[in-house]
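>>> Next one to model:
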Amino acid sequence: MIREYKTTVEISGPLMLVDRVTDVSYEELVEIELASGEIRHGKVLEIDSTRALVQLFEGSSGTDLETGKVRFLGKGVELGVSTEMLGRVFDGQGRPRPPFDNDPPIVPEKMNNINGAPINPYARDYPAEFIQTGFSSIDGINTLVRGQKLPIFSANGLPHGAVAAQIARQAKVKGGEGNFAVIFAAMGITFEEADYFIKDFRATGAMDRAVVFMNLADDPAIERISTPRMALTAAEYLAYEKDMHILVIMTDMTNYCDALREISAARREVPGRRGYPGYLYTDLASLYERAGRIKGRKGSITQIPILTMPEDDKTHPIPDLTGYITEGQLILNRELHKKGIYPPMDVMESLSRLKDKGIGKGKTREDHADLFNQLMAAYSAGKNARELSVILGVAALSELDRKYLNFAAEYEKRYISQEEHEERDIIETLDLGWELLKLLPRTEMKRVRPENLDKYWPVDEGSTDGD
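Numbering: from 1, shown residues only. The predicted structure follows:
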């Protein structure tokens, strides 16, 4: 039931306090009619006895205490969902986003509340299938598994935007290419960044299997809060009702959290760490926990949230709390970026906690786990040799240490580094790993089982160093 009031008693920034209201619920959708007839929208943030605090989506400029009409619509914020969403660009309220999308609104099959609900732990199915991103540093070392939530920790000046776009256009699941889609949610980005993403998706054909939600830096903060919820609502519909495998990429979660802090300050709430609200962890969990697989459903939702760490600080509340909720993290490294390595993925600091569930025979290849362990051990030894060479000089290193030093350099240049439009399938990635290991003596392959070593590096083949 719609109720209309003209009892607004206070307007402060994007907030409006309405008095003498009845039967109003939390998160209820609100319409505000200005004296000019313009309609704006908002939602109920807080209810106290007969008063309701309303957050305006479009801001309060031009509103008036005397003439403004406030209508409570009796429902929450909803998104009209349909398979027609594929290939479209929307704003943070689910409307077509000009100038990127000038087509009429979709005809929805149904309306879904954007707040959703985290998956019941009892109903969850364990993530188990490999998702190929086309990046060797992810597929070979920190494998992404269907149903996982694996964030990327970046920093200002690092190419996380290009990495996000490349994952969006390259990602695929084995044997399910026709049933796979990407939902891309961008929050607080500039128009130039938005234009880059859309042009890239359209030029490469990725747009045909994507749904994009764009919130620009000059859009209202409250819309930044709703953008990832819109994206996840669309993902849940496509995954659990249309049996699709959905990869949700959300960038930049730091902008999202800053918007949350801005709204919290406007509500005069007691701040927590670094001014962020005390419920930041709960709020992030309400987004991240909407990823996963459900028993009895064919579809799945995999998440890659991307955030920029202020001052490259991993202990900042946003990456710190994100790390507690998600199943690992991929970290972009500034030193690798300075060397011209793209993507500058720090494979030693990165971690995918579920990688063991998505690799091996029938998923990638039977030698994947052994190869991963050997590559990481060799790269670690090479980095240690590099540190020694800085102190003692290369001439002071043993012959074996010099081989490890050379391996580390080649590993960064050939394995971690790729071109922006270079896509490697998992077999290419695994074969490249063996090719690089052959820079070392065969006797150093102590983490590879004999049957895998004999199959992929026969004794009579030897190694490039003549061992």
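>>> going forward, measure contacts between C-alpha atoms and count neighbours the same way
OK.
>>> And the helix or strand containing residue 436, what does it pack against?
Remark: residue 436 resides in helix 426-437, with elements defined by DSSP states H and E. For helix 426-437, the packing partners by 3 or more C-alpha pairs under 8 Å, 6 or more residues apart in numbering; DSSP states H and E come out as helix 368-392, helix 399-410.
>>> what's in contact with the last one?
When contacts are taken as C-alpha atoms under 8 Å, 6 or more residues apart in numbering, the neighbours of helix 399-410 outside the stretch itself are 378, 379, 381, 382, 383, 385, 386, 394, 436, 437, 439, 440.
>>> Which residues are in contact with the fourth one?
Taking C-alpha under 8 Å, 6+ apart as the criterion, residue 382 is in contact with 401, 404, 405, 406, 407, 408.
>>> thinking again about what came up before, out of the helices and strands packed on helix 426-437, nearest to residue 354?
Evaluated with C-alpha to C-alpha, these place helix 368-392 nearest to residue 354, the distance being 12.5 Å.
>>> who touches the helix holding residue 436?
With C-alpha under 8 Å, 6+ apart, helix 426-437 has contacts from 132, 134, 136, 139-140, 364-365, 368, 371, 375, 407, 410-411, 415, 456-457.
>>> how about a cut-off of 10 Å?
Residues outside helix 426-437 that contact it (C-alpha atoms under 10 Å, 6 or more residues apart in numbering) are 130-141, 364-365, 367-368, 371-372, 374-375, 378-379, 404, 407-408, 410-411, 414-415, 423-424, 444-445, 453, 456-457, 463-464.
>>> try stretch 293-301
In contact with stretch 293-301 (C-alpha under 10 Å, 6+ apart) are residues 119-128, 146-149, 179-183, 232, 235-248, 290-292, 302.
>>> Just those: which are in strands?
124, 125, 180, 181, 182, 183, 245, 246, 247, 248, 292, 302 (DSSP state E).
>>> Please name the residues that touch the residue nearest to the third one when sequence neighbours are not counted.
Yep, that's residue 180 we're talking about. Closest residue in space to residue 180, ignoring its immediate chain neighbours: residue 245 at 4.8 Å, by C-alpha to C-alpha, 6 or more residues apart in numbering. When contacts are counted by C-alpha under 10 Å, 6+ apart, residue 245 touches 131, 146-147, 172-173, 176-182, 235-236, 238-239, 293, 298-302.
>>> ok, 7 Å please
179, 180, 181, 239, 299, 300, 301 (C-alpha atoms under 7 Å, 6 or more residues apart in numbering).
>>> which residues of the chain score low on pLDDT?
Across the chain, the ranges flagged by pLDDT under 70 are 118, 175-178, 460-467.
>>> Please check the contacts of stretch 293-301 and keep the buried ones.
Among the contacts of stretch 293-301, those buried by neighbour count (16 or more other C-alpha atoms under 10 Å) are 126-128, 146-149, 179-183, 232, 235-240, 242-248, 290-292, 302.
>>> Would you mind measuring from the nearest residue to residue 364 once chain neighbours are set aside to residue 130?
Spatial nearest neighbour of residue 364, excluding adjacent residues (C-alpha to C-alpha, 6+ apart): residue 426 at 6.8 Å. The spacing between residue 426 and residue 130, counted by C-alpha to C-alpha, to the nearest Å, is 10 Å.
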